[in-house]
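Trainee: Curious how this folds, go ahead:
(chains A and B)
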Amino acid sequence: MILRRQLNNLMISWKGARGFRRTMLDIVVRGSRNPMVVIGATIILVMVALAILAPVLPIADPTPPEVNPGEKLLPPSTRHWFGTDNIGQDVFSRVIWATRVSLTVASLAICFSLMIGVILGLTAGYFGGAVDYIIAGTIDLFWTFPAFLLALALAAALGASLTNVIIAISISFWAGFGRLMRGQALTVRERQFVEASRALGAKNSRIMFTHVLPNCIAPLIVWASIGVADAITIESSLSFLGAGTPATTPSWGNMLNLGMPFISEAWWVATFPGVVLLITVLGFNLLGDGLRDVLDPRMKGLRR
Amino acid sequence: MANLVSYIVRKLLLAIPIIILATFIVFLMLHLTPGDPALRLVPPRHTSQDVEDAREKYGLNESLPVQYASFLWRLLHGDMGTSVTTFTPVDIMVFNRLPRTLELMAIGLTISYSIGIPLGIFSALRQNSVADRGVMVFTLIAYAMPSFWLGIMLMLIFAVKLHWLPLGGTVGGFASIILPTITLGLGNSALTTRMMRSSMLEVLRMDYMTQLRSRGLPEREVIFKHGLKNAILPVITVIGLDIGWFVGGAVVVETIFSWPGIGKLLVDSIQNADFPVVQGCILILAMFVVLGNLLADILYAYVDPRVRLG
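Mentor: Residues are numbered from 1 along each chain as shown, chains lettered A, B, ... in the order given. Modelled structure (predicted):
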């Protein structure tokens, strides 16, 4: 409560501040009143902290150079919280390290999609005409094409590596941002302040990035949050199918893939990575859905 | 009726660029990987003569546009190449598997709608009640749950521990299809539920509902006869998106349950580096999505006349 009041005061004192900083503050203040946003953000913070701290946490080596045969497929115990897998590696430690891989891949992929989508969508919506016709057509094409199938095709062609997974997800995901940005740019460019700055002689690029873009921050954040959740799911599905993160790097998807053959004698190997994956995806979905409810009820149609 | 025909023609024309994009992606796949593309079109055990033959057959010495044109030309004649592991024509392999995938998706979609639509209506009629909150929590979890994990957990409970249902494959007849279709349908039912709920809530607030009630119509008739008719429309519009989701889901679910459909064929072929089959599977699955979207658009225009005029 006290924190909220401070944030409110801060917002009042920043009333003069414009653009990006103001919008961000507004999102934090209004978001903190929504339980979905709070729960989602808490989950994300915990997962990010675990991912960053993985090297210094007192956990076992996720990929020990030598494996003790006596440590194979041990059930969960105080020594191995989530048990051990078929070659004696500690599942808990691998789940934590996999968080690092999945979050990095998903957030980098979404960053690249965001950049491609924002630049193309903004250009299309702002300039209109023939430019818009071509770009909007391309956006629609990629939007209709199922993202998972495209990512699988690209990952299969490029080969299993972290970089390739990021490329595959970025290419299959940017259209959502492009669509969103184009729509926003189309409405914002008609507003009077855009006309005013054009009258004052501002360049197109300046108007696009300092006037149109900051007005689209809220929906972009919502879409990015939901996008990270979807990207995590795609990354782990690809890894599960053996076309994503290489088997030597721990990832939730390939841990499940490795654990599946041992499902009848060691349920823990495939169960725990899935639970952590589920919680993480849930966190990003809650944050995205909550922010959407708070920031803009009209965006309800953005995603079902 | 004339409107409907011109609408369908318009939608058909819009599907063409997507099909072209799909063929282009599939074509590019061959050239994306570093190394000689001809090596991906010959069996693992091959002679240098085989490589030269493949180069000749697929015109790999030509420029990319020429290669793409001849690729399209072969596709138009139903030639998708030959598998490098089984030496069977790819189109035969793919079409043999197609019925299995269709079966899985049809039952999966039925499950998804028979859970999602009633649950969405129920939830909307009791907005903000404990039951409604419960349904919303269910949809959040069901949506976040990765289908491969759900599949493994269902397998663990019903096949490994309880021995009620077979682990995978198709030998169990009807019993074999239960777990794969539930895995496929449950995640999507979360989306259908949310869609149905929000659309029903919107309709319940409309003036004509109040008007019908004030005329003394029984509540059941107001909601199910007049309300549902309008509320179900948005759910129909997203059938196309659902099919896209199911195509991705089928690949994963078929792999878990060793279901002999196109998805399993695709994953096996990726692992065996059987390039022509990978291309064929992706192309067919993409066509499938395009066709699904088209059918959904037509269905939507059929039930909602406003769409045809738009």
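
Trainee: elements contacting the lengthiest helix in chain A?
Mentor: Determined from DSSP state H, the single longest helix within chain A is helix A:91-127. Applying 3 or more CB pairs under 8 Å, 6 or more residues apart in numbering or on different chains; DSSP states H and E, one finds that helix A:91-127 makes contact with helix A:35-53, helix A:129-144, helix A:162-188, helix A:217-240, helix A:252-259, helix A:267-295. (Each C-beta comes from the backbone N, C-alpha and C, glycine too.)

Trainee: Please compute how far it lies from its chain's middle.
Mentor: When C-alpha coordinates are averaged (CA atoms, centre = their mean, to the nearest Å), helix A:91-127 and its chain have centres 5 Å apart.

Trainee: and the angle for it with helix A:217-240?
Mentor: Here helix A:91-127 runs at an angle of 130 degrees relative to helix A:217-240 (axes from the mean of the first three to the mean of the last three CA atoms, to 10 degrees).

Trainee: Report the buried residues of helix A:91-127.
Mentor: Residues of helix A:91-127 classed as buried by neighbour count (16 or more other CB atoms under 10 Å in any protein chain shown): A:91-103, A:105-110, A:112-114, A:116-126.

Trainee: for stretch A:138-149, same thing?
Mentor: A:138-142, A:144-149.

Trainee: Equivalent analysis for stretch B:115-128, please.
Mentor: B:115-117, B:119-125.

Trainee: Residues contacting stretch B:83-101 from elsewhere in the structure, which ones?
Mentor: B:41-44, B:78-82, B:170, B:250, B:254, B:259-265, B:269, B:272-277, B:279-281, B:284 (CB atoms under 8 Å, 6 or more residues apart in numbering or on different chains).

Trainee: repeat that for 7 Å
Mentor: B:41-43, B:78, B:80-82, B:250, B:259-263, B:265, B:272, B:274-277, B:280-281, B:284 (CB atoms under 7 Å, 6 or more residues apart in numbering or on different chains).

Trainee: From these, list just the buried residues.
Mentor: By 16+ other CB under 10 Å, the contacts of stretch B:83-101 give B:41-42, B:80-82, B:250, B:259-263, B:265, B:274-277, B:280-281, B:284 as buried.

Trainee: circling back to that earlier point, which ones among the buried residues of stretch B:115-128 map onto strands?
Mentor: Judged by DSSP state E, those include no members of strands.

Trainee: okay, those in CSV with distance to chain A and pLDDT next?
Mentor: Shown next, in CSV, are the buried residues of stretch B:115-128 (distance: CB to the nearest CB, whole Å; pLDDT from 0 to 100):
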residue, distance to chain A, pLDDT
B:115, 15, 93
B:116, 11, 92
B:117, 14, 92
B:119, 14, 94
B:120, 11, 92
B:121, 16, 92
B:122, 18, 92
B:123, 14, 92
B:124, 14, 90
B:125, 19, 89
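
Trainee: Of those residues, which belong to helices?
Mentor: B:115-117, B:119-125.

Trainee: For beta bridges, what are the partners of residue A:84?
Mentor: With DSSP bridges as the criterion, residue A:84 is bridged to residue A:90.

Trainee: That one against residue A:90, yeah?
Mentor: Yes. Using CB atoms under 7 Å, residue A:84 is in contact with residue A:90, at 5.8 Å.

Trainee: Could you check which of the two is surrounded by more residues?
Mentor: Set side by side, residue A:84 and residue A:90 show more neighbours around residue A:84, with 28 against 23, by other CB atoms under 10 Å in any protein chain shown.

Trainee: Do you know the pLDDT at that one?
Mentor: As predicted, residue A:84 sits at a pLDDT of 74.

Trainee: Roughly how far does it sit from residue A:137?
Mentor: In this view, residue A:84 and residue A:137 are 53 Å apart by CB to CB, to the nearest Å.

Trainee: My read is that residue B:178 contacts residue B:164, right?
Mentor: No. Contact criterion CB under 7 Å: residue B:178 and residue B:164 do not qualify, at 9.0 Å.

Trainee: on that earlier part again, in helices only, show me the buried ones among the contacts of stretch B:83-101.
Mentor: Short answer: the buried ones among the contacts of stretch B:83-101 in helices (DSSP H) are B:250, B:262-263, B:265, B:275-277, B:280-281, B:284.

Trainee: quick check, nearest of the residues you listed to residue A:176?
Mentor: residue B:250 (22.3 Å; CB to CB).

Trainee: Quick check: closest non-adjacent residue to that closest one.
Mentor: The shortest distance from residue B:250 to any non-neighbouring residue, by CB to CB, 6 or more residues apart in numbering or on different chains, is to residue B:263 (4.5 Å).

Trainee: what sits against the one you found?
Mentor: B:101, B:250-251, B:254-255.

Trainee: what does residue A:184 give?
Mentor: Here residue A:184 is in contact with A:125, A:215-216, A:219 (CB under 7 Å, 6+ apart).

Trainee: go again using 10 Å as the cut-off
Mentor: Shown in contact with residue A:184 (CB atoms under 10 Å, 6 or more residues apart in numbering or on different chains): A:118, A:121-122, A:125, A:212-213, A:215-220.
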